[in-house]
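Colleague: give me the fold of what follows.
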Amino acid sequence: MNSPALVAAASGFGFGLSLIIAIGAQNAYVLRQGLRREHVLAVVAVCALSDAFLILLGIGGLGSLLDLAPWLVDVMRVGGAAFLLTYAALAARRAWRPAALAAEDAGSATPLWQVVGTTAALTWLNPHVYLDTVVLLGSVAGTHGDDRWWFGLGATTGSLVWFTTLGYGARLLRPVFARPGAWRVLDGVIAIVMVAIALTLLRGLMDA
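Modeller: Reported below is the predicted structural model:
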């Protein structure tokens with residue numbers, strides 16, 4: 001790898017991490033599944049592969065299409081907000097009636113298809129993922145010229161590292177979440193984050 005390509009890859013790695021590390025609906029769900037040690041590989045795979053595909057689209061120029069059809073973003077805002085508010089209600093119900101980690105592991109395993117579906121929805125129904133990953137990251141990658149694909153490779157690697165660390169590293173917190181009270185706090189925070197993001201999406205729709 002030549003020096004400009006290496007710089008582009010390193011820049012993509014750092015920029016990609018800066019976009020996904022912030023607390024959000026997707027990260028909150030990955031953390032929760034990691035704590036439960038439930039279908040973690042599937043969750044990490046869906047998140048990382050989705051990011052890789054969106055990064056590819058962004059570098060390939062899909063951001064220009066979104067600029068030409070802004071109504072697509074509005075549709076995604078409404079759908080994403082509806083889904084997030086629904087998930088927030090479920091998280092709030094869990095916070096109201098929390099269970100210890102051991103109890104959750106013993107009697108309420110979630111089917112794989114449901115976990116994959118929820119992960120995909122939290123990823124693809126969030127308009128910010130298109131604005132950040134496709135439009136913004138694609139634009140920044142374009143500044144690297146012919147090395148933009150190395151930038152994309154770096155960003156994809158950063159995404160994979162982050163979701164793997166979050167999903168599998170969450171088990172280190174399991175002793176804390178052996179108490180129902182800890183789950184009450186986590187699910188309460190998740191509910192608040194989901195509502196806040198949903199309101200942000202709807203506010204963006206009104207400001208458009």
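Colleague: grab the most central residue of this structure for me.
Modeller: Residue closest to the mean C-alpha point of the chain, counted by Cα atoms, centre = their mean, is Q26 at 3.3 Å.
Colleague: okay, and that residue sits in which element?
Modeller: helix 25-36 (DSSP states H and E).
Colleague: worst-scoring helix or strand of this protein, pLDDT-wise?
Modeller: Lowest mean confidence among the helices and strands of the chain (mean pLDDT, DSSP states H and E): helix 101-107, at a mean of 45.
Colleague: so D187 versus P111, what's the distance?
Modeller: D187 is 20 Å from P111, where distance means Cβ to Cβ, to the nearest Å. Bear in mind the C-beta positions are built from the backbone N, C-alpha and C, glycine included.
Colleague: out of these two, which sits in the busier spot?
Modeller: Using other Cβ atoms under 10 Å, the more surrounded residue of D187 and P111 is D187, with 23 against 9.
Colleague: low-confidence regions, this protein specifically.
Modeller: The model of the chain has pLDDT under 70 over residues 1-2, 22-23, 62-70, 72-73, 76, 98-108, 204-208.
Colleague: the strands in it, which residues?
Modeller: Ranges of strands within the chain: none, based on DSSP state E.
Colleague: what number of residues lie near V116?
Modeller: V116: 15 surrounding residues under other Cβ under 10 Å.
Colleague: wait, what's in contact with it?
Modeller: With contacts defined as Cβ atoms under 8 Å, 6 or more residues apart in numbering, V116 is in contact with H39, A42, V43, V46.
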